[in-house]
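# How does the following fold in three dimensions:
(chains A and B)
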Amino acid sequence: MDAETDSRAAAGRAAVGRPLSHDSAHLHVSGTAAYTDDLPEPRGLLHLAVGMSTEAHARVRNIDLGDVLAAPGVVDVCVAADIPGVNNCGPIVADEAILAPGEVSYVGQAMFVVAADTVEAARKAARLAKVDYERLDAILDPLTAVEKESFVLPSETINRGEPQRALADSPHRVQRRLELGGQDQFYLEGQIAMVVPQEDSGLLVYSSTQHPDEVQHLVAHATARSAKDVVCVCRRMGGAFGGKESQAATIACIAAVMCVKTGRACKLRLDRDDDMIMTGKRHDFVIDYDVGFDDAGRILAVDFMFASRCGISADLSGPVNDRTMFHCDNAYYLENVHILSHRCKTNTVSNTAFRGFGGPQGMYAIEYAIDDIARFLKKDPLEVRRRNFYGIGERDVTQYGQKIEDNIIHDIVDRLEADSDYQDRRRELREFNATSPVLKRGIALTPVKFGISFTATHLNQAGALVHVYKDGTVHLNHGGTEMGQGLFIKVAQVVADELQIDIGRIRINAADTSKVPNASATAASSGSDMNGKAAQIAAAKIRGRLTEFAARHFAVAESAVEFHAGRVTAGEVTLSFEELVQLAWFDRVSLSATGFYKTPKIHYERESFSGRPFFYYAYGAAVSEVVVDTLTGEHRILRVDIVHDCGDSLNPAMDLGQIEGGFIQGAGWLTTEELWWNEAGELKTHAPSTYKIPTCSDLPPDFRVQMLQNSANREDTIYRSKAVGEPPLMLGISVFHAIRDAIASDARPLPDLQAPATPEAVMRALGDETP
Amino acid sequence: MELFNVQGQLTAMSRARIDDNTVRFVLDGETIELRDVAPTRTVLQFLREDLYRTGTKEGCAEGDCGACTVVIAEIDRADDGLALRAVNACIQFLPTLDGKELITVESLTGPGGNLHPVQQAMVDCHGSQCGFCTPGFVMSLFALYKTNPEPTRVEIDDALAGNLCRCTGYRPIIAAARSMYDLGAEADDWMRQPVNGPADTGPRVERLRSLSRDKDLELHNGSGHFYAPSSSGALAALLAKNPDATILAGGTDVGLWVTKQHRELKTIIYTGRVAELSDIEVTSRYIEIGSAVTLTDAMHTIVRRYPGLDEVFRRFASPPIRNAGTLGGNIANGSPIGDSMPALIAADTSLILRSADGAREVALDDFYHDYQVNDLRPGEFIEVIRIPLPGKNTILRSHKLSKRFDQDISAVCTAYRLELDGDRVQSFRMACGGLAATVMRARRCEAAITAACWNEETVENAARALAEDFTPITDMRASANYRLRGAQNLLRRFYLETRGDIAETVYSYGR
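Numbering: from 1, shown residues only, chains lettered A, B, ... in the order given. As a prediction, the model looks like this:
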């Protein structure tokens, strides 16, 4: 046992802080981890397929499902009129139909559902509908929507200082329009739900969802039931990334409606192409900025216009776009700033949550502006970044009025600059570029400051349920869902240490609305912060009762009762945890408890965009180096150095996985992952053959990730850890700017590189003239 | 073994009478015999829906994500040993397993849940997060474990190019690929030994040999017919009788007709057992590749003679696709963005086409008439692909442009064959994919170069001529402008490469 393990054990932290394996790792590798489609199928199960709109906007004059019903294996069909309850699956605003009622508003919108004996029969039949459309005008892009004032929600503004006057007075200004692409979540397990009828109108829903509570409620509404009649269960998802926060409910509602109509269990598993066409993605944006700055590169004023493609309904676009407004400062103090945010309604699938939730787009904008300033002034972008960082004790209030009390970005960047050898490498690659005619290298360092909490204050609550059985083993539930991030093992580590038992005694159970009610989505990176605290509170209650019992039973003071490493000492007596539990049960002590947690300190006025929406911030920074082929626009990442802040990590192995995976996903967003719609509003990149997420060879050959050490969260989070789900994604912005750095030269001081930086986009930035 | 098969009756009668209408293969040491198999039922459907072996996952049903990766073992035609290859179960039709051994993720775990070294390495390195892609990665790693004792990073990347992971960023999976060899290889267990282990493959080979059949496999079931002839003559006869039959080779495209387009294929004739189509022969003048030879094997042979094709072939699809897909299939399918044809046309490849009426030879350059229209007559099939060997001065090179290095379909793919006499161009051929309805030669561009002096001025003239050769389209892969400009710049790149002015691409740089 090394010294560190020793000291941790002495502090009663046998599990927390250790790099334990994912609780399901041994099941993942042997193919025995059960996902929703792997569950045993109930007797008489029907398989469903969705009939989708092929028009971006049309009135449906007639829909003939005769051939669909007559197809082999088909049992039933279902249209909007068959929905017994409310035809809505909009999570915040009731503006999104489960099945299109008479008018279709985007290509891929669900119009009807087929139930058949097999998946193939259902999918085949779904193509046989004869639909008579009357085509209507469609709005397909954000700028047209802005022009026509087509919005899903009112536009919002933040204004601080006197941006217009300060811009006019600035010695230098740069203006630019950015067209920033969206991103498909591309979870490997597609959307799926299986609904099993229960007695007395009950429904049991197995759903691959980040938000079982919302599935429960929307299914209840759609089927004219109440929450008590519906139970939603999710043991694990095969990835989610925000794509199963609201979108999973549509799938579950469709299956539930058919289940109610047929009285049989129904499963809807979307084919990959249908999934990518039917469900929402990261918002693509058009961004205009006008930035004024002085000779040193300090920003004097900035004016942002954000126009995001929200698609046909509000979905989560309100909070997504709010977060863009909250993160277009990233780590920089913007004294005079105007932010205008349009939430554009378009005839495309409704865009939704995706890791970062609007934050990445805001950061992308300010990082681009900073890069422009540096290139305009012929300075190292890192120097300009530093010049604009939030101060400590000064220049430390965000544009939404939150005072930043935990700023560590200076330390992180100093360390990263030194450890990555940034300056020497920057010099060396400039020498290389001077003599290399075709290949050019580039380097960039970008920071991340990301606010942690749901901006809707009421969502910052969590519950847990802990049972201790007579044999001293533990059944653990909490409101969080497992999508691969390691939430379940982290929460189990917390409970193990709270009860001072071996983690092997704890069984981690599926998220289940009948165990923990009213849980928020596992989102906003808040899963372990909130569920860890809630579970700790539940376990502490049981430990308290056991302490009280032991003191009484062994006639010692409560202060003389100690739990440590599976044993309990009460004065002179020492016994095992299970022996104490056995005695307590015999004495009729309750061994089950719930825990409830709400994040403290946060408050926020939505009307004025001011307050403290975030409990704290997570920080990080990355240096990326790339090589670009100036003949073809192809590029490759050569080396990446990251320093990231996880506070006092609950599980360094899980957190490292989030940092690395998030970084690669962010790099993918800004390089290879291109969503492409044609003029009819059809997405043509709807499968892995056409939509390219990073593969193994895209991992940089030299990849150095450090977690910031001795960096306990200043706020009282669970064991002073920090949320890590989303922030690392935005480290990928460094790759984009490294590419821009490689492209930039005297001939192209401010290259117009648009994201994603595909080889074609790089070629465009290099100059588009055909010789 | 009690199993229920919704598609037909599944039995495990290892000593039952050999029946033409029965597919037989080995799984976990048992011979599986299937009657009344629907010809287009996929291996993945069989595993998940019939056997309830749900470890193998469906991620895309088109062979692009790798969640369904399984390993197939069969007797190696070359040395009678055991050949292993990872393939995508989602588009592999079940009858093609006949006579082979199927290995799935469940096959790896030992009694009592004892993890295989590959699986243990993935656990130890934190190589899984959500875990959904993991069984596929485990199987690709298993294939690597059994075929390469000491892979480099590039070889690991290549082995995993067909597996997508959205969670980890791949670093821990690469770490697992490096450490798996150090974990618990067991002397007597073939499954648990790396490639150079001492275990005897004899019993496995014998087992497979016992499945060999005297009569060709034929399946007839309510939903269709499946024929697997073993000779070129039998294939020709079958095609003559069934001119509308679908010829199935690797199934990497035909599989998608079923899983994505839901087409009903009434009659399928599988080329994978035809002896004459499965061999590679190198004569004094040609490389002759049977049309059913896998892309993996074909490319291996071609790259040895034409090293300039190494990068483009490495970027061609992924190992599971190259292990199933065939060179003949790629050519017959004739996609305008197929990556083998530009190089083959540049190399002046010809095809031996056969039918019941005999054989004829057609230059590949003349084979394509229009989009999805080729020179094959009813009842005719590609028997052999005949590639001239390079001359002493031959430079053959192919480039491709796509959004991603690995397993991406080309926006543009170019290939050139250049023969120089000093500075003077003796001959020049250039063929391009992605610029027209078929892969096509750039005739005006060739004319600008042939017999000219190999210099910058010539290349610039040729680049201008290229713009007259093609009028490409804009789609999700690239704009017309990028396609054309990309092809022009690739020609410039080729020139600089022949001059030694640039030696590297972004993909080889620093490696």
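# So for residue 54, what's the nearest residue that isn't a sequence neighbour?
Using chain A here. A:V107 (6.2 Å; Cβ to Cβ, 6 or more residues apart in numbering or on different chains). To be clear about C-beta, it is placed using only N, CA and C from the backbone, and glycine gets the same treatment.
# oops, chain B please
Nearest non-adjacent residue to B:T54, counting by Cβ to Cβ, 6+ apart: A:D38, 3.8 Å away.
# Let me see the domain layout of chain B.
Under the assignment automatic domain parsing, the domains of chain B span B:57-209, B:217-273, B:395-511.
# Any idea which of these gets closest to chain A?
Minimum separation from chain A across the domains of chain B (Cβ to the nearest Cβ) falls at domain B:57-209, 2.8 Å.
# rewinding a little: same list, the domains of chain B, but as CSV with mean neighbour count and distance to A:R343 please.
Shown next, in CSV, are those (neighbours: other Cβ atoms under 10 Å in any protein chain shown; distance: least, Cβ to Cβ, whole Å):
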stretch, mean neighbour count, distance to A:R343
domain B:57-209, 22, 27
domain B:217-273, 19, 35
domain B:395-511, 20, 26
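# so which of the ones you listed gets nearest A:D275?
Checking the domains of chain B against A:D275 by Cβ to Cβ gives domain B:57-209 as the closest, at 9.5 Å.
# Secondary structure element holding A:G463?
For A:G463, the element it lies in under DSSP states H and E is strand A:461-468.
# next one: the longest helix along chain B to chain centre, how far?
As assigned by DSSP state H, the longest helix anywhere in chain B is helix B:480-498. What separates the centre of helix B:480-498 from the centre of its chain is 27 Å, taken as Cα atoms, centre = their mean, to the nearest Å.
# go on, stretch A:191-210?
With Cα atoms, centre = their mean, you get 24 Å for stretch A:191-210.
# Is any residue of that stretch near chain B?
No - contact between stretch A:191-210 and chain B is absent, the nearest approach being 9.9 Å (criterion: Cβ under 8 Å from any Cβ of the partner chain).
# Just the mean pLDDT for that stretch, thanks.
The predicted model assigns stretch A:191-210 a mean pLDDT of 98.
# okay, the spatially most central residue of chain A: pLDDT?
Closest residue to the average C-alpha location of chain A: A:R355 at 2.6 Å, with Cα atoms, centre = their mean. On pLDDT, A:R355 comes in at 98.
# what distance separates the start and the end of stretch A:740-747?
Taking Cα to Cα, to the nearest Å, the first and last residues of stretch A:740-747 lie 13 Å apart.
# Give me the contacts around it.
With contact meaning Cβ atoms under 8 Å, 6 or more residues apart in numbering or on different chains, stretch A:740-747 is reached by A:371, A:375, A:381, A:433, A:440-444, A:626-628, A:630, A:635, A:750-751, A:753, A:757, A:762, A:765-766.
# The residues you listed, buried ones only, as a ChimeraX selection?
Burial among the contacts of stretch A:740-747 is assessed by 16 or more other Cβ atoms under 10 Å in any protein chain shown; the matching ChimeraX selection reads:
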select /A:371,375,381,433,440,441,442,443,444,626,627,628,630,635,751,753,757,762,765,766
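# Checking my notes, A:D641 in a strand, right?
Yes - assigned with DSSP: H, G, I helix; E, B strand; the rest coil, A:D641 falls within a strand.
# Count the residues that sit near the nearest residue to it once chain neighbours are set aside.
Nearest non-adjacent residue to A:D641, counting by Cβ to Cβ, 6+ apart: A:S420, 3.7 Å away. Applying other Cβ atoms under 10 Å in any protein chain shown, we find 23 residues neighbouring A:S420.
# just A:A110 next, same as before
Using other Cβ under 10 Å, A:A110 has 23 other residues around it.
# returning to what we had before: the residue nearest to the centre of chain A against A:A240, yeah?
No - between A:R355 and A:A240 there is no contact under Cβ atoms under 8 Å: 9.1 Å.
# residues shared between the contacts of those two?
A:Q185.
# The residue of chain A found nearest chain B: what's it in contact with?
Chain B sits closest to A:G31 of chain A, with a gap of 2.0 Å, by Cβ to the nearest Cβ. With contact taken as Cβ under 8 Å, 6+ apart, A:G31 is in contact with B:R53, B:T54, B:G55, B:T56, B:T104, B:V105, B:E106, B:T109, B:P135, B:V138.
# Which helix or strand contains the residue of chain B positioned farthest from its centre?
What lies farthest from the middle of chain B is B:E457; by Cα atoms, centre = their mean that is 39.5 Å. Element membership for B:E457, per DSSP H and E: helix B:456-469.
# if you average pLDDT over that helix, what comes out?
In this model, helix B:456-469 carries a mean pLDDT of 98.
# now that helix and helix B:480-498, what's the angle there?
Orientation of helix B:456-469 against helix B:480-498 (axes from the mean of the first three to the mean of the last three Cα atoms, to 10 degrees) gives an angle of 150 degrees.
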